[in-house]
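In: The sequence and its predicted three-dimensional model are supplied below.
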Amino acid sequence: MYNSWTSCAKLNATTKEGFKIHAENFDIVTEMIKNPKIKGKDLETKFNISRRQLGYRIKKINEWLTEQDCPIIERTSQGFFIVDDIIKNFLNVSIESVQQENEQVYTAYQRAHLILLMLFKEDEILSLNHFSIDLKVSKNTVLNDLKKLKQLLKAYDVKLQYTRQEGYYLNSNEIETRKLFIRLIDKVFTLNIAQGDILKSLSFDEDKLQIIDRQINKIEQYLENKFIDQSTETLRYKLYFILRRIEYNKTISPILIGYDDLSDTEEYQATEILTANYSDIPRQEKLFITLQLLSTSVHWSELSDAKFLPELKLALETMMSEFEKITFITFENRESLLNQLMLHMKPAFYRIRYGLSDVDSLQNTLKEDYKELFHLVKISSKPMEKFFDQALPDNEIAYLTMLIGGTLRRQDEDIEKKVKAVVVCTQGTSISQMMLQELRSVFPEFIFLDALSLREFNNYALNFDLVFSPMHVLTHKKLYITKAILTAQEKQDLRQLVFGQLNHSFETDLQVEKMLSAIREHAQIHNEAALINEIKSQFESVHTYASIKSSSISLTHHFNLQDLLPKHHIQFGSNITEVKEAIRQTARPLFIQNYINNDYIEAMVESFDDTYMVINQNIAIPHAENNQNVNRTAMSMLILDKPLLLSSDIEVSVFVVVAATDKFKHLRPLLQLRDLAQDQHCIKNIIQTDSRTYVFETIRQFSKID
């Protein structure tokens, strides 16, 4: 490369006279600079010279440039000329950039893909000049585009390299190079790049592509398949590329693909049709081409090949049964759905087996718009994972989700309308799964999304309606406290309770009547209907299910955060270096008012666990189980001038002690405290202020949240 300004200075000092001697040569170079797309034939016509004369003049120009220690004029394989910027700057030739009417302007992202396509050329040494001329942008722009190109390559085991002898080139083994091209060619057809520019970047011959098109038509007739239009469009490029690589002796290793997997397929026989005009194609290359046919999406097919993949069919049937079991939905036309899944999974089998799944996919859209259905299909896909001996890529699950979702819509089944529940348990995976299976048997009408740890539950993204847990957890949704294993009677009672609440009609009339009888004995009732409604409302607010020591909690009443955390319970602390000291200092206002005793404080110190007693990594909430040492439900807050580093490597500046006389009254304030902890701006302001009034006003704002 000639980037030296020393060369430019030398040129400036010595060359004008030289060009005067060869004025006709000066005119030729000037024309090359003004019109980068001019070819030799154009110059011959313009200057009325022969091809031989033009070659002689270019030779003389280059000899003179070499004497001046300057880059020579290069000629590309397409017949264009490359004139270095050093020569352009010296000659001071004004260049008017005229945009052709039909010329397309590309973004940096599009240009990066076009440069990547150019790097797959087989017979040309590529420099910045080549990219600059072909893309009609400056060298600096090309350098920036190359940075974007390197970002694109991060997903692949392929490196962009450069030497003066070889120019820019891709360094990788052959199989990785082909994987990159296969995915790249699918991508560029989604980027609104003109087909002519794609062909030009690759130096593909349109006539040869048309020959491949005719071969693809023969293959479709032989296979009785019809490839999707876009797949056919990209398949022709892939096949052309593979055949050209073989022509240049760039072949894949024989051991990369199992012959037995593919050699007995109809697609392998179709490959013989495609390669009939090519001699000495290695067997492994025929297998690789077969792989492209197998992994091309199919629009329709007789599906006569299903018998060749009986294990795949069985795995799909098992997956469908698993989906029915966890959703309590029965597929009305199982055979039709199975055929659709097989139609998709046959080419997907080879994509997954040989890592050909698309880099870009539907997964993000589906995860957002149909995230519960996507999640359920993913859970159901365990039989497929066992079949493939690996997890299915999310984009393949996304396609399965589309197919299953379409079937459900035709059946008028709406996943969104079904009750969705989760199980939260901290007693280990075995107990969690036991609870999950037990509750699925109790409530087959519900969709149980997951069995979660407390940490997982606090970060859970899916929508749900109910929570089942053996302990109290912070949630705005209805919570049922239950056991892992239930007796037959307990199952019946729990179903009665849950469905009674869901239908807003508790089957607890007997208990309500007993309570009314007791009230009648000791008080005069002025409005019995209103009293009955109030009693039922209390049952909905806090209902203890004594037969299995369980509770159903709906937080619609009782305390707010400002009630348990008044202004005089707020403190500011300095020079505190240990968590134990912070807990004791935070609890001091409650101890002074005799809300708690010292045993409760020490119990909090002893049981503090920062793996779950920190909300959103912002507020530590020390508390303890021995509520016999609590005389009144309350909270107190300590704001530190310097944060404490906890054992979980989290820095916390705010401590809130929680003391409760029962398991219910403090839950709503805790939820409001969690909302506060999630507001980074408010937490920052609380830490920076020294005003109790400001802190309490912030607490009051979050006390209004339901």
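Out: Yep, that arrived.

In: use CA for all of it now, contacts and neighbours both
Out: OK.

In: so how many other residues sit close to the closest residue to residue 397 other than its chain neighbours?
Out: With sequence-adjacent residues excluded and distances taken as CA to CA, 6 or more residues apart in numbering, residue 397 is closest to residue 378, at 6.4 Å. Here the number of neighbours of residue 378 (other CA atoms under 10 Å) works out to 23.

In: Can you tell me the element residue 378 falls in?
Out: According to DSSP states H and E, residue 378 maps onto helix 371-380.

In: all strands for the stretch 501-650 of the chain, in order.
Out: Along the stretch 501-650 of the chain, the segments classed as strands by DSSP state E, counting those that start in this stretch run 542-545, 550-553, 570-573, 614-615, 619-620, 634-645.

In: And for the stretch 151-300 of the chain?
Out: Per DSSP E, counting those that start in this stretch, the stretch 151-300 of the chain carries strands over the ranges 159-163, 167-171, 225-227, 298-301.

In: hmm, back to that, between the strands of the stretch 501-650 of the chain, which one is nearest to residue 209?
Out: Residue 209 sits nearest to strand 614-615 of all those, at 61.6 Å, using CA to CA.

In: re earlier: could you tell me the least trusted of the strands of the stretch 151-300 of the chain?
Out: When mean pLDDT is averaged over each of the strands of the stretch 151-300 of the chain, strand 298-301 scores lowest at a mean of 50.

In: helix or strand right after that strand?
Out: According to DSSP H and E, the helix or strand after strand 298-301 is helix 310-327.

In: The helix holding residue 378 to helix 310-327, inter-axis angle?
Out: 130 degrees (axes from the mean of the first three to the mean of the last three CA atoms, to 10 degrees).

In: gap between helix 371-380 and the chain center?
Out: In this view, helix 371-380 has its centroid 15 Å away from the chain centroid, taken as CA atoms, centre = their mean, to the nearest Å.

In: Let me know the average pLDDT across the helix or strand following that helix.
Out: Next along the chain after helix 371-380, taking DSSP H and E as the criterion, comes helix 382-388. For helix 382-388, the mean pLDDT works out to 89.

In: Could you check helix 382-388 and say which residues are buried?
Out: Of the residues in helix 382-388, those with enough neighbours to count as buried (16 or more other CA atoms under 10 Å) are 382-385.

In: what would the residues you listed look like in a markdown table with distance to residue 394?
Out: Compiled in a markdown table, the buried residues of helix 382-388 are given as follows (distance: CA to CA, whole Å):
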| residue | distance to residue 394 |
| --- | --- |
| 382 | 13 |
| 383 | 15 |
| 384 | 13 |
| 385 | 12 |
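
In: so which of the residues you listed comes closest to residue 87?
Out: Distances from the buried residues of helix 382-388 to residue 87 were compared by CA to CA; the smallest belongs to residue 385, at 61.8 Å.

In: my read: the closest one touches residue 392, true?
Out: Yes: using CA atoms under 8 Å, residue 385 and residue 392 qualify as a contacting pair, with a distance of 6.1 Å.

In: List of residues touching stretch 317-326?
Out: Surrounding stretch 317-326, the residues in contact under the criterion CA atoms under 8 Å, 6 or more residues apart in numbering are 329-331, 338, 376-377, 380-384, 440, 444, 447-448.

In: Identify the farthest-apart pair in the residues you listed.
Out: When the contacts of stretch 317-326 are compared pair by pair using CA to CA, the two farthest from each other are 338 and 440, 25.2 Å apart.

In: Give me the buried subset of the contacts of stretch 317-326.
Out: Neighbour counting over those (16+ other CA under 10 Å) leaves 329, 331, 338, 376-377, 380-384, 440, 447-448 as the buried ones.

In: wait, which of those residues is closest to residue 162?
Out: Lowest distance from residue 162 to the buried ones among the contacts of stretch 317-326 (CA to CA) belongs to residue 384, with 43.6 Å.
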